[in-house]
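1. Provide a 3D model corresponding to the input given below.
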Amino acid sequence: MPTLPRAILFDLDDTLIRAYAQPEEAWTRLLATFAAPLDAPDPAALERVRAAIMDHARAFWSDRAEAARWRLDIPGARRLSVRRGLASLGQDDEALADRIADAFTELRRAEYRLYPDALATVDALRERGVRLALVTNGAGETQRAKIERFDLAHRFHHIQIEGEFGQGKPEPAVYRHALERLGCTAGDAWMVGDNYEWEVEAPQKLGVCGIWYDPFESGIPAHATDRPARVIRRLGELLE
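-> Okay, the predicted model is just below:
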């Protein structure tokens, strides 16, 4: 029987549910349905469009101030990235860009899936007396819809959403508030998630044990400033 902490804070997107992982594959599939309006008759042309869109998306989200603002409107941020990507290829058709962005948003939403062992792991932890919090960035309405869709609300002692709380990860107040609501100190808690900065580096600065969820075996990022206490490939490893 593993030694468990008094409390665990879980991320939502791409930790409990697969939501935004592996975007290259999803964009490739989606853009193939827009080959004609994009005037992209072959895979190489579509690949240029995909690369341009994703390059602009990465640049967009690398701006911390812009990211903090637009996390509350992911579909709107996606429209901007697609517009910029197409414009860089000489296609200034904003209506087409918005159609593509909105179609991608709907594709991703339709394909949300729980990771296979997510519910069983959370339920087992709760049964063993671990206090649980779900701490997620994003808009309240969007994240609440996911929580309801996957029957998560009753499984957690505390749910904290950026759009409702007023701040998001990696702000220290986010972790401190969740710990306070769980009645737990940082040294008695784990944070589990897929975002290295938000679920490893930031919480560990406060004394929380950061556990990095790496289901695709990406490896610790080259730019990492801290090492995780543990790396897991499956959520069930928390119980092993």
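2. From residue 135, how far off is residue 170?
-> Computed with CB to CB, to the nearest Å, the distance linking residue 170 and residue 135 is 11 Å. C-beta here means a position set from N, CA and C on the backbone, and glycine is covered the same way.
3. who has more neighbours, the two?
-> residue 135 (28 against 19; other CB atoms under 10 Å).
4. Any stretches of the protein with poor pLDDT?
-> Applying pLDDT under 70 to the chain flags residues 1-2.
5. For it, which segments are assigned as strands?
-> Secondary structure of the chain (DSSP state E): strands located at 7-10, 17-18, 113-114, 131-136, 158-161, 189-193, 209-213, 230-232.
6. most packed of those strands?
-> Of all the strands of the chain, strand 7-10 has the most neighbours on average by mean count of other CB atoms under 10 Å, namely a mean of 27.
7. Please name the strands paired to that one in the sheet, noting orientation.
-> Paired neighbours of strand 7-10 in the sheet (DSSP bridges): strand 131-136 (parallel), strand 189-193 (parallel).
8. Regarding the protein, what is its longest helix?
-> For the chain, the helix with the greatest residue count under DSSP state H is helix 43-61.
9. list the helices and strands it packs on?
-> helix 23-32, helix 64-70, helix 74-88 (3 or more CB pairs under 8 Å, 6 or more residues apart in numbering; DSSP states H and E).
10. can you give me the angle it makes with helix 23-32?
-> Angle, helix 43-61 to helix 23-32, by axes from the mean of the first three to the mean of the last three CA atoms, to 10 degrees: 130 degrees.
11. quick check, distance from helix 43-61 to the centre of its chain.
-> In terms of CA atoms, centre = their mean, to the nearest Å, the gap separating the centre of helix 43-61 from the centre of its chain is 20 Å.
12. Dump it to CSV, restricted to CA.
-> Provided in CSV are the C-alpha atoms of helix 43-61 (Å, rounded to 0.1, in the frame of the first residue of the first chain):
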residue,chain,number,x,y,z
PRO,A,43,-0.7,16.9,-48.4
ALA,A,44,2.4,19.2,-48.7
ALA,A,45,0.2,22.2,-49.1
LEU,A,46,-2.0,21.3,-46.2
GLU,A,47,1.1,20.7,-44.1
ARG,A,48,2.3,24.3,-44.8
VAL,A,49,-1.1,25.6,-43.6
ARG,A,50,-1.0,23.4,-40.4
ALA,A,51,2.6,24.5,-39.6
ALA,A,52,1.7,28.2,-40.1
ILE,A,53,-1.3,28.0,-37.9
MET,A,54,0.5,26.1,-35.1
ASP,A,55,3.5,28.4,-35.3
HIS,A,56,1.3,31.4,-34.7
ALA,A,57,-0.6,29.6,-32.0
ARG,A,58,2.7,28.9,-30.1
ALA,A,59,3.8,32.5,-30.5
PHE,A,60,0.4,33.7,-29.3
TRP,A,61,0.4,31.5,-26.1
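13. follow-up on the earlier one: compile the helices and strands packed on helix 43-61 into TSV and extend it with columns for distance to residue 131 and mean neighbour count.
-> Below are those laid out as TSV (distance: least, CB to CB, whole Å; neighbours: other CB atoms under 10 Å):
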stretch	distance to residue 131	mean neighbour count
helix 23-32	33	16
helix 64-70	28	13
helix 74-88	29	19
